[in-house]
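K.L.:
Fold the stuff below for me.
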Amino acid sequence: MQENTGPLAGIRIVDLTQFLSGPFCTQILADLGAEIIKIEAPQGDLARHIPPYFVADDSAYYLSVNRNKRSLGLDLKTKEGAALLRQMIDKCDVVIENFRPGVLERLLGVTEAELRGAKPELIWCSISGFGQTGPYRDKPAYDMIVQALSGGMSLTGEPGRAAVRAGIPIGDLAAGMYAVMGVLAALVRRGSNGRGNSVDISMLDCQAALLCYQAAYHLHSGNVPGRQGSGHDSIPTYRSFAAGDGREIVITANTERMWQGLCEALELHRLIDDPRFTTNKLRYANRFELWPILEDAFLTKSADYWVEALERKEVPVGVVNTLDRVVADPQIASREMVLEIDATDGRATRVMGNPIKLREDERHEHSYPPALGEDSVEILEEVLGLKASEIGGLIDKGVVLAQTRKPEPALPRALNAV
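P.N.:
Sure thing, here's the model as predicted:
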């Protein structure tokens, strides 16, 4: 591994998260150079066991959000394990956890406030379904629950049909990204005043924030928007269309120049001066007359034909790609957005990369997601200064899990694809 030159080099984070929102957060921080010590119970992060795809013992799900971390297996239900975690926290800059409120206190017998009181410069980030306050704070929540409760799910799907969840787990992922922002803001503030902070991230809050202009429309008008389908509720020429070869394309003809370019590319020059469509306001008012005309035109040629024709007219256009096309896309490849990561024991996987590109600090090598307890001995020696005999005793008592991986043949790349 090359020397860590990331902007967060020197920042040590205790990662008490599992599944998706928290690990996604800590992976971003790891990509930026932070040292992530992933604390895992003896059964490990439950995401390790999510079917259907696996590389050795670990699921593709787990592998997608846990690179560049080290794993310390620790039984927090034992007094010794809880004591080791408290010692580890004293040696770190940030703690990130995604337990329901109160759970960690029951495990450790100590509160966040007490830990931060003992170490005022500590930053503590909690990710939960509903946050640390409010009437819902103790309720469990998963991605689809917050998608539904936030109203975002009510906007997703075709008009007149049932609501559907977003195809990506946006409830979890948005919470992870907002948590990164909160941690970075707390680190900047600590740099100026020397004090830590508490970052309270609610998945529901994050989804509510993403309602953005849709919520503003409702707050302004009182109208309740419904399913958005494949278009935009303000711009009638911002939507998807089926091409003649069965593939779908999307266009975003947002300006008058783009509208004229769209008409020219489709050879519908008559529409430019049609009094029903001369402004966006008129096109919106007469959208149910406009759409069938455009739909019929797009059905006459293939998706590739329309992409080329519209790009010549500088009309933003894109094909609705399936994932096989995305991961093979030359633009995605040029931006290193598909990473091939190999472990020293033969494990190998491909995962999606980090979209944050810092030219002077970019990380070009990545470590394979750790096996459960893979780094326990090393972490306890380096961070807490424990002797080999002490660590051996903790392993024998089941307080610490230390796993050594044996080399095994790498699986074919096709089987490793995430």
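K.L.:
what about stretch 189-199, average pLDDT?
P.N.:
Mean pLDDT, computed over stretch 189-199, is 98.
K.L.:
same deal with stretch 327-336?
P.N.:
If you average the pLDDT values across stretch 327-336, you get 96.
K.L.:
just stretch 367-383 next, same as before
P.N.:
97.
K.L.:
Report the contact partners of residue 262.
P.N.:
237, 251, 253, 294, 310, 313, 315 (Cβ atoms under 8 Å, 6 or more residues apart in numbering). Placement of C-beta: from N, CA and C, glycine included.
K.L.:
right, and the pair among those residues with maximum separation?
P.N.:
294 and 313 (14.4 Å; Cβ to Cβ).
K.L.:
Which one of the two is surrounded by more residues?
P.N.:
A direct count of neighbours by other Cβ atoms under 10 Å for residue 294 and residue 313 places residue 294 higher, at 21 against 17.
K.L.:
Can you give me the neighbour number for the closest residue in space to the more buried one that isn't next to it in sequence?
P.N.:
Once flanking residues are discounted, residue 294 sits nearest to residue 241: 6.4 Å by Cβ to Cβ, 6 or more residues apart in numbering. Number of residues near residue 241 (other Cβ under 10 Å) recorded here: 21.
K.L.:
Residue 241: which element?
P.N.:
strand 238-242 (DSSP states H and E).
K.L.:
what's that strand packed up against?
P.N.:
strand 248-252, helix 287-298 (3 or more Cβ pairs under 8 Å, 6 or more residues apart in numbering; DSSP states H and E).
K.L.:
is it true that the residue nearest to residue 294 touches residue 249?
P.N.:
Yes: if you go by Cβ atoms under 8 Å, residue 241 and residue 249 touch, sitting 6.0 Å apart.
K.L.:
hey, what's in contact with both of those two?
P.N.:
residue 298.
K.L.:
before we move on, the earlier item: next, the buried residues of the strand holding residue 241.
P.N.:
In terms of neighbour count (16 or more other Cβ atoms under 10 Å), strand 238-242 has its buried residues at 238-239, 241.
K.L.:
Export stretch 381-390 to CSV, keeping only CA atoms.
P.N.:
Provided in CSV are the C-alpha atoms of stretch 381-390 (Å, rounded to 0.1, in the frame of the first residue of the first chain):
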residue,chain,number,x,y,z
GLU,A,381,-0.6,-3.7,19.5
GLU,A,382,-0.4,-0.5,17.6
VAL,A,383,-3.2,1.6,19.1
LEU,A,384,-3.5,0.3,22.7
GLY,A,385,0.1,-1.0,23.1
LEU,A,386,-1.0,-4.4,24.3
LYS,A,387,1.6,-7.2,24.5
ALA,A,388,1.2,-10.4,22.5
SER,A,389,0.6,-12.4,25.7
GLU,A,390,-2.2,-10.0,26.7
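K.L.:
Okay, and the residue nearest to the spatial centre of the chain sits in which element?
P.N.:
Taking Cα atoms, centre = their mean, the centroid of the chain lies closest to residue 173, which sits 3.3 Å from it. If you go by DSSP H and E, residue 173 is part of helix 170-193.
K.L.:
From the recorded domain assignment, give the ranges for the protein.
P.N.:
What automatic domain parsing lists as the domains of the chain is 12-210+331-416, 238-242+248-319.
K.L.:
Thank you kindly, that will do.
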